[in-house]
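>>> Any chance you can model this:
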Amino acid sequence: MENVNAISSTEKYQKAPEEVYQYQKDGNAEAMFKHVYNQFDSQVKLPLQLNISKPCKDELLSNKLREEGNLVYKRKKFQEALEKYNKCILSAPHPKLSCKKIDKNEYNSLAKGYANRSAVLFQLQEYEMCIRDIYRSISLCSSKITQFKLEERKVKCLIAVERYKEAQEILKTCKLILKNLQIEDKVKESYKNELSKFLDQCDNGMKKGKHRNKKKNRYEEIKCADASASFSSDDVIFAYNNPTPPSLDDEPNPTIPAFSRALNLQYSADQGRYVVATRDIKPG
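Now for the predicted structure:
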């Protein structure tokens, strides 16, 4: 009896592609799914609702890891601190990839994680990566004093890589933020003196002809004067530059659009479904 059921199921499976193609033409995805699902008696026995625990971020864990990172950072164990901050960022709640505007008060742990990691990257002289984390943190940060300190760190990075003209532009942003900060006059004056020193370094570097051309950086599209920019999906996934999908040299398959016309889907009882080439295909 089991063999009869198996044969019956196989016959149904072999007929399925033709019937599925008809549903594809009609554009009724729900009806197509129901049809395929009901083809096999064994499918009915599968649970329709699986009890799978949903992975989630943990803000408390993120804060704990950041504090641990701060302790080792103070002891100048920068590699260990970097590892802690990496885990802090991974554990922190992230904005959804689809969101264009975010509430910056919701992602403090992530913003602080990026800010602290930028500090250790600066100490490790990884200036480009430091600048990237600064942009990320500012796009999530609601604290003006933190924004100022991050912009100031960005100036230090740019001076370190002899990009003085860019540093001068960021110094203007620093002055604008500092002007509106509600802090003690002594502290504000101290910051002003620091900015003046940075400006002198930029001027001296430009006079000596050491200035390097501005490097293209896609993070620069996040404007930091008021840190009101949106947080893009690319920033959420740590700035990985997704490669451009390869294009088909041949025409798309009429029944399987993602395939080339040179491929065909076939079925056999011993191998199941598999793809075969209908003509010679050159490597690459």
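>>> Could you list the low-confidence segments of the stretch 151-284 of the chain?
Applying pLDDT under 70 to the stretch 151-284 of the chain flags the ranges 210-246, 248-249, 284.
>>> mind listing the helices for it?
164-179, 185-207, 233-236 (DSSP state H, counting those that start in this stretch).
>>> swap in the stretch 1-150 of the chain?
Under DSSP H, counting those that start in this stretch, the stretch 1-150 of the chain gives helices at 2-26, 29-37, 41-44, 59-74, 78-91, 108-123, 127-140, 144-160.
>>> out of the ones you listed, which comes closest to residue 272?
helix 2-26 (8.9 Å; C-beta to C-beta). Bear in mind the C-beta positions are built from the backbone N, C-alpha and C, glycine included.
>>> so which of the helices of the stretch 151-284 of the chain gets nearest residue 110?
Nearest of the helices of the stretch 151-284 of the chain (C-beta to C-beta): helix 233-236, 9.2 Å.
>>> hang on, the earlier thing: from the helices of the stretch 151-284 of the chain, which stretch is densest packed?
helix 164-179 (a mean of 19; mean count of other C-beta atoms under 10 Å).
>>> follow-up on the earlier one: residue 74: which of the helices of the stretch 151-284 of the chain is closest?
Comparing these by C-beta to C-beta, helix 185-207 comes nearest, at 21.4 Å.
>>> Which neighbouring elements make contact with the closest one?
helix 144-160, helix 164-179 (3 or more C-beta pairs under 8 Å, 6 or more residues apart in numbering; DSSP states H and E).
>>> want to throw those into JSON lines with distance to residue 63?
Compiled in JSON lines, these are given as follows (distance: least, C-beta to C-beta, whole Å):
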{"stretch": "helix 144-160", "distance to residue 63": "16"}
{"stretch": "helix 164-179", "distance to residue 63": "26"}
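>>> between the ones you listed, which gets nearest to residue 204?
It's helix 164-179; of the helices and strands packed on helix 185-207, that one is closest to residue 204 (C-beta to C-beta) at 8.7 Å.
>>> who's in contact with the residue nearest to residue 191 when sequence neighbours are not counted?
Nearest residue to residue 191, sequence neighbours excluded (C-beta to C-beta, 6 or more residues apart in numbering): residue 178, at 5.5 Å. The neighbourhood of residue 178, defined by C-beta atoms under 8 Å, 6 or more residues apart in numbering, consists of 148, 188, 191, 192, 195.
>>> same deal with residue 158?
Contacts of residue 158 (C-beta under 8 Å, 6+ apart): 127, 131, 164, 166, 167, 170.
>>> Tell me which two of the residues you listed sit farthest apart.
Farthest pair in the contacts of residue 158, by C-beta to C-beta: 131 and 164, 14.7 Å.
>>> Quick one: residues contacting residue 168.
The neighbours of residue 168, taking C-beta under 8 Å, 6+ apart as the test, are 199, 202.
>>> let's number from 770 now, not from 1
Yes, from this point I'll number from 770; that puts the last item at residue 937.
>>> how near is it to residue 970?
Plainly put, residue 937 is 10 Å away from residue 970 if you go by C-beta to C-beta, to the nearest Å.
>>> same thing with residue 1021?
57 Å.
>>> what's the spacing between the residue nearest to residue 839 when sequence neighbours are not counted and residue 910?
Using C-beta to C-beta, 6+ apart and skipping the chain neighbours, the partner closest in space to residue 839 is residue 885 (6.8 Å). Separation of residue 885 from residue 910 (C-beta to C-beta): 12 Å.
>>> cool, and residue 836?
18 Å.
>>> Looking at those two, which one has more neighbours?
residue 910 (23 against 12; other C-beta atoms under 10 Å).
>>> show me the contacts for the more buried one.
873, 880, 884, 916, 919, 996.
>>> Could you count how many residues lie near the fourth one?
The burial metric for residue 916, expressed as a neighbour count using other C-beta under 10 Å, is 24.
>>> Was I right to think it contacts residue 909?
No: at 10.5 Å, residue 916 does not count as touching residue 909 under the criterion of C-beta atoms under 8 Å.
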